[in-house]
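[1] Build the 3D model from these lines:
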Amino acid sequence: MDTISIKIKSEAKFTDKEIKSIERHKFLKVTRAKRDSDNAIILKISYPKFMDDSNAYLVMDSNIPHECNYKIYRILNKLRPKEDLEIRILRVDIPFTYYMPKNMKFSGYKHIFYKMAQIFAKNNESFLVKSINEFTEDKIETLTFANSTTLKNCNSKIVIYNQDKRFKDSHNYNYKSILKNHPDLPRRIRIEVSKRIKRAPMTLDEFIDFDIFNEYKDDYLNYLFKNLFDAKLSERGNLEFGDLLTDIQINESKIWLKHLKNYKNKRLLIAEKYNCKFTLKSLKIALKKFYSKSSSYDTAFQRIKEYVKERHMEFYGCHIDADKEFIKMAKSLVEYYKFE
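    A predicted model of the protein is given here:
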């Protein structure tokens, strides 16, 4: 779990003193609701900060949100009689973490991020993919996939970010301390699903007993698989990939084939085009069509593969087989919350 936002309505307006008493707790942030502004507040709850000083803490125990909510229960119950409070869940964010191999960089996954953008675009009539076109090494820390043309109006979004770089940029004063407590930080790719929630209001007692994580976990995971991986979980818990991946591969190979016909220097083609969008797998398909003789294809592919391995790993820290890494990432997310 990461964060949730709830709306709290009461019979009387929350005073500034009451709001300050709530915000004394580092894991809570309060704003006054724009509507019902006289008697409602929006409370943003950070479960990682309930356990630690930063959001680097990974909440891997489903009891932690319950303990945190019980703490909130005690805080609110001191301010108002619980019978006067109405709770409405507005948004829930559930993160998943993928650990990169030690020799990899976040920027080395841009082939995978581009593939995800293609899948997301095909699955959403109205969508926004932010930062994918300007993605260069160490320049971008966050990629956002939203089901609306504006982030402000989106009901659902997926945010992928370089958690290590985010802390370097925003917590420069205590980054070393955070890294000491969380040494795996440089290897994390954080994938966060965020959705607006439509649910009937509940009492404070009902909110405490409500298992937020297990209520939404499977739905969020399936949303992630459908929109970024073109996959779904079978009843046996196995991943089943759809046809979109194959279609994207075929389209990529057609573009490669067009480039192959226009470039005399095949290594120059790889230097200019490979690093942008397309994978080695789709190039392999194109080479088979380009060369009529299998021996010519084998020689060309091996030379290109060696060139890509040498140059790509040295300058970009990228993974040669983006397709295998893509599937590996999806399968690892299935295991991420298996503690249930």
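[2] switch to C-alpha atoms for all contacts and neighbour counts from now on
    OK.
[3] mind showing which ranges of the stretch 101-250 of the chain have poor pLDDT?
    126-140, 232-250 (pLDDT under 70).
[4] need the helices for it, in chain order.
    110-123, 163-170, 175-181, 204-209, 212-224, 244-262 (DSSP state H, counting those that start in this stretch).
[5] what does the third one contact?
    In this structure, residues lying in contact with helix 175-181 by C-alpha atoms under 8 Å, 6 or more residues apart in numbering are 54, 56, 167, 168, 185.
[6] at 6 Å instead, please
    With contact meaning C-alpha atoms under 6 Å, 6 or more residues apart in numbering, helix 175-181 is reached by residue 168.
[7] buried set for it?
    Buried residues in helix 175-181, counting neighbours by 16 or more other C-alpha atoms under 10 Å, are found at 175, 178, 179.
[8] What is the nearest of the residues you listed to residue 10?
    residue 178 (38.2 Å; C-alpha to C-alpha).
[9] Please tell me how far the closest one sits from residue 57.
    Distance of residue 178 to residue 57, given as C-alpha to C-alpha, to the nearest Å: 9 Å.
[10] What of residue 65?
    Taking C-alpha to C-alpha, one finds residue 65 at 13 Å from residue 57.
[11] Which one of those two is surrounded by more residues?
    residue 65 (24 against 18; other C-alpha atoms under 10 Å).
[12] what's the spacing between the more buried one and residue 3?
    Counting by C-alpha to C-alpha, the separation of residue 65 from residue 3 is 10 Å.
[13] how close does the nearest residue to residue 190 once chain neighbours are set aside sit to residue 74?
    In space, residue 190 comes closest to residue 97 once its chain neighbours are excluded; the distance is 4.7 Å by C-alpha to C-alpha, 6 or more residues apart in numbering. Distance of residue 97 to residue 74, given as C-alpha to C-alpha: 31 Å.
[14] do the same with residue 24
    14 Å.
[15] What of residue 204?
    Residue 204 is 10 Å from residue 74, by C-alpha to C-alpha.
[16] Mind checking which of the two has more residues around it?
    Between residue 204 and residue 74, counted using other C-alpha under 10 Å, residue 204 has the larger neighbour count: 24 against 11.
[17] Would you mark the buried spots in stretch 32-46?
    Buried, per 16+ other C-alpha under 10 Å, within stretch 32-46: 32, 33, 38, 39, 40, 41, 42, 43, 44, 45, 46.
[18] Among those residues, find the lowest-pLDDT one for me.
    Among the buried residues of stretch 32-46, residue 38 carries the lowest pLDDT, at 66.
[19] Residue 42 reaches residue 31, doesn't it?
    Yes: if you go by C-alpha atoms under 6 Å, residue 42 and residue 31 touch, sitting 5.2 Å apart.
[20] Which residues does the longest strand seen in the chain contact?
    Longest strand in the chain, counting residues (DSSP state E): strand 86-99. With contacts defined as C-alpha under 6 Å, 6+ apart, strand 86-99 is touched by 1-9, 187-197, 201-203.
[21] Can you give me the pLDDT of residue 19?
    Residue 19 is given a pLDDT of 89.
[22] Apart from its neighbours in sequence, what residue is nearest it?
    Using C-alpha to C-alpha, 6+ apart, the nearest residue to residue 19 is residue 30, at 6.8 Å.
[23] To what extent is the one you found buried, counted in neighbours?
    17.
[24] Mind listing the strands the helix or strand harbouring it pairs with, and their directions?
    For residue 30, the element it lies in under DSSP states H and E is strand 28-32. Under the criterion DSSP bridges, strand 28-32 sits next to strand 40-46 (antiparallel) in its sheet.
[25] Export the partner strand to CSV, keeping only CA atoms.
    Only the C-alpha atoms of strand 40-46 are listed here, as CSV (Å, rounded to 0.1, in the frame of the first residue of the first chain):
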residue,chain,number,x,y,z
ALA,A,40,-15.6,18.6,5.4
ILE,A,41,-11.9,17.9,5.1
ILE,A,42,-9.8,15.8,2.8
LEU,A,43,-7.3,13.6,4.6
LYS,A,44,-4.4,12.1,2.6
ILE,A,45,-2.9,9.1,4.4
SER,A,46,0.6,7.8,3.7
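[26] Now the next helix or strand after that strand: average pLDDT?
    Next helix or strand after strand 40-46 toward the C-terminus (DSSP H and E): helix 47-51. Mean pLDDT, helix 47-51: 88.
[27] quick one: residue 9 and residue 40 touch, right?
    Yes: counting by C-alpha under 6 Å, residue 40 is a contact partner of residue 9 at 4.3 Å.
[28] Check residue 99 and give its pLDDT.
    For residue 99, the pLDDT comes out at 90.
[29] Distance check, it against residue 159.
    Between residue 99 and residue 159 the computed distance is 16 Å (C-alpha to C-alpha).
[30] Among these two, which residue is more densely surrounded?
    Ranked by neighbour count (other C-alpha under 10 Å), residue 99 and residue 159 place residue 159 first, with 18 against 15.
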